[in-house]
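# Could you work out the structure for the sequence below:
(2 chains)
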Amino acid sequence: MTDQPKPPQGHNDLPEPVVRQRRRFSASAIWLVPVLAALVGLSLVINAWVQAGPTISVSFQTASGLEAGKTPVKYKNVVIGKVTSIRLSKDRSHVITRISLEKNAESFATKDTRFWVVRPRIGLGGVSGIDTLLSGAFIGADVGESKEPEDEFTGLETPPAITHGAPGKSFALHSDDLGSLDIGSPVYFRRIQVGRVASYQLDRDGKGVSVQIFIDSPNDGFVTKSSRFWNASGVDVQLGANGLKLNTQSLATVLAGGVAFQDPLGPHDATPAAEDAQFQLFNDQATAMAPPDGEPRYIRMRFDHSLRGLAIDAPVEFQGINIGRVVSINLDYDEKAQRFPLVVGAVVYPQRLGRVHDKLVAIAQARGEDADLAQMMGKLVEHGLRAQARSGNLLTGQLYIALDFIPNAPKVDFDINARPMQIPTAPGSFDKLQEQLGVIVDKVQKIPFDSIGKHLDQTLADLDGTLKQVNGQVLPEFHNTLKGAQQTLGTANNALSSDSPLQQNLGATMQELQRAARSLRVLTDYLGGHPEALIRGRKADPAPPKPTPVDTPTPPPSGQSQPKGSKP
Amino acid sequence: MSSLPRAHELGLIGCHVCGLVCRDVPDLHDAACPRCGAALHRRKLGSFVRTWALLIAAFFFYIPANVLPIMRTVSLGDVDDNTILSGVVELWVKGSPDLAVIVFTASIVVPMLKFLAMSLLLITAHRRTAWAQRQRAKLYRLVEFIGYWSMLDVFVVALLTALVQFGILSLVEPLPGVVFFGLTVVLTMLASMSFDPRLIWDSKETHD
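You can find the predicted model right below:
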């Protein structure tokens, strides 16, 4: 560039530019480009700002499967937000996830929204969340009714059994224990699954369990005010007079547990139960379908004898009808008698007596008395009602308590104000049997086994002497006798052989006898033809018979006069 | 070298298109090359304004290009959205630092350098300073040269999108970020094109 020669000053030989009228855009029109870019950027910002929903934080026990910036939050499988960050809580007991919800999911930032992590789960009731095996876990959400805004949530560890707004009704069941029920356990009506267990918790006093169940619409109408619920878990085996009976709901319930319900037979209140109605959860179908027990009453009995074989839950029967069960057996000490009586507590359900109870109440009221059970019981005790521990099974020795009328029972005082009621007792039938057995044993003991033994010994000694005698004297004699018999038998054998003279003689004798028989027949024939020969003797032989009928005997001349069967 | 005369000082003007030198006329507004008919002007018209405007627009697009994800990778149901920076980080973490450096250079360093270099050129040219004129000229040529290579990211996304389409197994989808990135690259290239390097030499010292 530096060595470039200077162009000549005079450049007249250079061409002139031509002048042309052209339309030109203003140079400042280029500013439209950045303005456009700014507008685009601005629209992006505004869009993001408008679309940004609330940010909430949800705490979980573990962040397993969660990933910041990636894990979506889904409601009905529609993405409504995303996990933006995951961090530990200050006390390291749980993890806190920050979730930015979308604008249209603002309603999820309200008080009763529930969040849970959807992971693949394999349980006895089935497999769920299998799609998350590939896509990774996501956070499920379920919104409630509340409008109150909230941005701090505690995530559920298991998915809720019921999503909000599902058609159906929920009910509360009360039970002594949970059995094998779990969240999601099925609820059956006529062995068709119509709902499931939504949640359960211990009662505040710890004395029972409350189970919330949810029955899907339209089957929720089958839950009536008088429906009975029972725990359908496991196998119900009944061994009765009809044989072995096995009762289960379904294989799944056998393993995973379940609840079944049904209306009681007979007339009952069939109006559908209201939402959140309370029911009792019975242990099995039989108990559930039994008529209601009514109010339980506690009674107490003192037994002076051992109650081996009486167990808690042993039945209390009145005239053979189960009206309650034993709840406690305690040992007591009676200072005066220096004995240890047993105090048995039992709970009875007077309503199990059914019409009897009603009648008794009616009678008591007719008399103008208080229809209190203690009053009535007092009357019954006066008439000989006593409690007895009876043997229910002789093999196992199990006892039950029987309330029965004992004839000629000694009178006792009955305190109608005592709580619990004190029912007088009587020795049980088995105790009597034991007494009788004792008497028998006494009698057996009186048998002089010693002298019997001595006598027996003496007898045996005598027998020994006798046997010696037999060995010494009788047996040689017997031997001789046998020899003699052997000889005799040999002789007899000889005599009977085919070539013996006896045999020969016997043959000859037999021939003789044959001949004699023949001549006798001839004689008889002759006498048949000539009976007169008996008297007149035999005639001279007639001329030899004609040659033609050689064998035919000559017909008798006077055939008609021949006597029948005449014998000499 | 600053003593060298300018063409208009000598009453000359060159055609941008065919290179024909003709006599300068005072009113250049409607002048055209007598040979090829292209418009004649001493310097590119509105070079400053145009370059600035395009550069600013490119910068505006550069923000969403970096903030928005440029690519979605779906493999076995695992959805992964990546911005330019997160892609670089992922490459680095997953054991390809060389690739990470390349992508980082092409997608982050080069555009940023272009913004800085163009701004520097524009400001210095506007102030007609004589500082480091040769180096500035070289810088301009460098910017012009590497401008195309910034499209690397866009090409990567385009290629992957076209090649990786295995349904549920693996899937790559472009996301809006890549559009903004492409716009940024195109606009910076246009900006550097609209800059007249001769402005570098129009220093005050020679122009009294």
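
# Kindly provide the distance from the closest residue to chain A within chain B to A:Pro531.
Chain B approaches chain A most closely through B:Gly46 (3.2 Å), counting by C-beta to the nearest C-beta. Where you see a C-beta, it was placed from the backbone N, CA and C, and this is true even at glycine. Computed as C-beta to C-beta, to the nearest Å, the B:Gly46 to A:Pro531 distance reads 188 Å.

# try A:Phe138
For A:Phe138 relative to A:Pro531 (C-beta to C-beta), the value is 139 Å.

# Which of the two has more residues huddled nearby?
A:Phe138 (23 against 16; other C-beta atoms under 10 Å in any protein chain shown).

# OK, contacts around that one?
A:Thr71, A:Pro72, A:Val73, A:Lys74, A:Val117, A:Val118, A:Thr132 (C-beta atoms under 8 Å, 6 or more residues apart in numbering or on different chains).

# That one pairs with what?
Listed by DSSP bridges, the beta-bridge partners for A:Phe138 are A:Val118.

# returning to what we had before: now, the most widely separated pair of the contacts of A:Phe138?
A:Val73 and A:Thr132 (13.3 Å; C-beta to C-beta).

# Those two: which is more packed in?
Legend: neighbour count by other C-beta under 10 Å for A:Val73 and A:Thr132, higher for A:Val73 (24 against 17).

# Can you pull the poorly scored residue ranges out of chain B?
Scanning chain B for pLDDT under 70 picks out the ranges B:1-3, B:28, B:77, B:204-208.

# domain ranges for it?
Using automatic domain parsing, the domains assigned to chain B come out as B:1-42, B:46-206.

# Whether the first one contacts chain A - can you check?
This points to domain B:1-42. Yes - against chain A, domain B:1-42 shows contacts by C-beta under 8 Å from any C-beta of the partner chain at B:1, B:4-5, B:10-13, B:20-23, B:25, B:28-35, B:37, B:39-40.

# so when I look at A:Ser199, I'm seeing a helix, right?
No - assessed with DSSP: H, G, I helix; E, B strand; the rest coil, A:Ser199 is strand; it does not lie in a helix.

# So it versus A:Leu181, what's the distance?
11 Å.

# any shared contact partners between the two?
Counting by C-beta under 8 Å, 6+ apart, the residues touching both A:Ser199 and A:Leu181 are A:Val211.

# out of those two, which sits in the busier spot?
Taking other C-beta under 10 Å, A:Ser199 and A:Leu181 do not tie; A:Leu181 has more neighbours (26 against 16).

# surely that one meets A:Ser233?
Yes - between A:Leu181 and A:Ser233 there is a contact under C-beta atoms under 8 Å: 6.9 Å.

# Could you name every residue contacting both of those two?
A:Gly257, A:Gly258.

# now stretch A:454-471, how far from the centre of its chain.
Centroid separation for stretch A:454-471 versus its chain: 65 Å, with C-alpha atoms, centre = their mean, to the nearest Å.

# For it, which residues meet the burial criterion?
Buried residues in stretch A:454-471, counting neighbours by 16 or more other C-beta atoms under 10 Å in any protein chain shown, are absent.

# Can you show me the CA trace of it as PDB?
What follows is stretch A:454-471, C-alpha atoms only, in PDB (Å, rounded to 0.1, in the frame of the first residue of the first chain):
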ATOM      1  CA  LYS A 454     -50.500-113.500  99.300                       C
ATOM      2  CA  HIS A 455     -53.300-115.900  98.400                       C
ATOM      3  CA  LEU A 456     -52.400-115.700  94.800                       C
ATOM      4  CA  ASP A 457     -48.800-116.500  95.700                       C
ATOM      5  CA  GLN A 458     -49.800-119.600  97.700                       C
ATOM      6  CA  THR A 459     -52.000-120.800  94.900                       C
ATOM      7  CA  LEU A 460     -49.200-120.400  92.500                       C
ATOM      8  CA  ALA A 461     -46.900-122.500  94.800                       C
ATOM      9  CA  ASP A 462     -49.500-125.300  94.900                       C
ATOM     10  CA  LEU A 463     -49.800-125.100  91.100                       C
ATOM     11  CA  ASP A 464     -46.100-125.500  90.800                       C
ATOM     12  CA  GLY A 465     -46.200-128.800  92.900                       C
ATOM     13  CA  THR A 466     -49.000-130.100  90.800                       C
ATOM     14  CA  LEU A 467     -47.000-129.500  87.600                       C
ATOM     15  CA  LYS A 468     -44.000-131.300  89.000                       C
ATOM     16  CA  GLN A 469     -46.200-134.300  89.700                       C
ATOM     17  CA  VAL A 470     -47.500-134.100  86.200                       C
ATOM     18  CA  ASN A 471     -44.000-134.000  84.800                       C
END
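
# Tell me how chain A divides into domains.
With automatic domain parsing as the reference, chain A has domains A:47-154, A:168-289, A:297-427.
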